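# Just the structure for this:
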Amino acid sequence: MTDHAATSDARAPRLTRYARGGGCACKIPPGELEDVVAGLVPPPRPGSDLLIGLDTGDDAAVVRLSGDLAAVATADFFTPVVDDPYDWGRIAAANALSDVYAVGGRPLVAVNLLGWPRDVLPFDLVREVLRGGADIAAEAGCHVGGGHSVDDPEPKYGMAVTGVADPARLLRNDTGAPGVPLSLTKPLGIGVLNNRHKATGEVFPQAIAAMTALNRDASAAALDAGAVCATDVTGFGLLGHLFKLARASGVTAMIDAAAVPYLDGAREAVRDGYVSGGTRRNLGWVAPHTDFGAAGEHTRLLLADAQTSGGLLIAGEIPGAPVIGELVPYDGSAVRVR
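I've put the predicted structure just below:
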């Protein structure tokens, strides 16, 4: 155990033991998902009130209500990423709210989504999960108006969130332009630290702090800076979300691997083999579209690491967020690592 890790209370049920995956690493692989939804919903028609839909795989749906008001809708839930039920609730809520911030919106109301193995895990733990979600929603100024629950073999929790945005000030993943820098608002490495936690019981406060931090201020700063293109970095990893942004925008994304920030302990976790199947699937999906240059295997895995409640990837600069690369004219690869 390192000096930045503690050990879970051995007397409490280890929630991560009751799920095959954990957090956003349990998402359906992006390539499989795209194949399933292809053609199900036509792209928005010119003049449609559906401003952001399914066509580019953006973070939330946005529908115009009036000239200066749009509704934002999203839902996100997942299996336990940490063993502490209160922290899991906080993380899941911050992650669900992030989709609203990623398109430049403000959350208004959320409803809980809960699956629980009621005959396996003590039901009093549910109260702690919901309390964690409620506390993060309160921090965001978002009402919680009930929800829906099912008896489920695996514990799952998240939220469906409705928010509002200005139709003229949206952040999209298809509006990137050459010559614009790329900024990342949270360090990578959440996935490998969570995987180490699941395997060993070690607790990583730096990962919990990153996952429970709202993307509210980063979203507001991006809008204030005049940014029009952004996405959040979650289950598909930095490379996966960057590939989707570059593909949708018709550009190439250049990444300076040395400029990408990582959480303390992330490199050691990769070195020691705590890499999820979701991360490896991410890397396999983006590899045909990425020029990795001299980047080694560990760097590639960290860049593809399946994040849970990660930061915003912004085409633009905001105070406090490192610039990790830039968008350039498309040169045959969606992403280049240097």
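# Pull out the buried positions in stretch 313-332.
The neighbour-count check on stretch 313-332 (16 or more other Cβ atoms under 10 Å) flags 313-318, 321, 324-327 as buried. Using the backbone N, CA and C atoms, a C-beta is placed for each residue, glycine as well.
# and of those, the nearest to residue 160?
residue 313 (23.5 Å; Cβ to Cβ).
# For the closest one, give me the pLDDT.
Residue 313 carries a pLDDT score of 98 in this model.
# doesn't residue 245 make contact with it?
Yes: counting by Cβ atoms under 8 Å, residue 245 is a contact partner of residue 313 at 7.0 Å.
# Tell me which residue lies nearest the centroid of this protein.
residue 234 (2.3 Å; Cα atoms, centre = their mean).
# pLDDT score assigned to that one?
At residue 234, the pLDDT recorded in the model is 94.
# ok, now the one 3 residues further on?
At residue 237 the predicted local distance difference test score is 96.
# Could you measure from residue 326 over to residue 241?
16 Å (Cβ to Cβ, to the nearest Å).
# Helix or strand for residue 20, just tell me which one.
For residue 20, there is no host helix or strand (DSSP states H and E).
# I should have written residue 239 there, sorry.
Residue 239 belongs to helix 237-249, assigned by DSSP H and E.
# Just checking the distance from that helix to the centre of its chain.
13 Å (Cα atoms, centre = their mean, to the nearest Å).
# picking up where we left off before, need the overlap of contacts for residue 313 and residue 245.
Jointly contacting residue 313 and residue 245 under the rule Cβ atoms under 8 Å, 6 or more residues apart in numbering are residue 231.
# Looking at the buried residues of stretch 313-332, which are in strands?
Counting by DSSP state E, the buried residues of stretch 313-332 place 313-315, 324-327 in strands.
# Which one of those residues is nearest to residue 335?
Once Cβ to Cβ is applied, the member of these that ends up nearest residue 335 is residue 325, at 9.0 Å.
# what pairs with that closest one across the strands?
Residue 325 forms beta bridges with residue 182, residue 255, as assigned by DSSP bridges.
# do the one 4 residues further on as well
Under the criterion DSSP bridges, residue 329 forms beta bridges with residue 251.
# List the contacts of it.
178, 251-252.
# Scan the residues you listed and report the most crowded one.
residue 251 (23 neighbours; other Cβ atoms under 10 Å).
# residues in contact with that one?
176-178, 327-330.
# repeat for residue 99
59-60, 74, 76, 161, 232.
# Check these and tell me the two furthest apart.
161 and 232 (13.0 Å).
# Can you show me the strands along the stretch 101-250 of the chain?
106-116, 143-151, 156-165, 181-184, 202-203, 230-232 (DSSP state E, counting those that start in this stretch).
# Report the rounded mean pLDDT for the fifth one.
If you average the pLDDT over strand 202-203, you get 96.
# can you check stretch 294-308 too?
Mean predicted confidence for stretch 294-308 is 97.
# in it, what's buried?
295, 299-308.
# Let me know the closest of these to residue 205.
The closest of those, once distances to residue 205 are taken by Cβ to Cβ, is residue 308, at 15.2 Å.
# Break the chain down into its structural domains.
Residue ranges for the domains of the chain, per automatic domain parsing: 6-165, 181-337.
# now, of these, which is deepest in the fold?
domain 181-337 (a mean of 21; mean count of other Cβ atoms under 10 Å).
# quick one, the helix ranked longest in the chain and helix 237-249 angle?
Scanning the chain for the helix with the most residues, using DSSP state H, yields helix 85-102. If you take axes from the mean of the first three to the mean of the last three Cα atoms, to 10 degrees, helix 85-102 sits at 20 degrees to helix 237-249.
# Helix, strand, or coil at residue 332?
coil (DSSP: H, G, I helix; E, B strand; the rest coil).
# and it, what does it touch?
residue 252 are the contacts of residue 332 under Cβ under 8 Å, 6+ apart.
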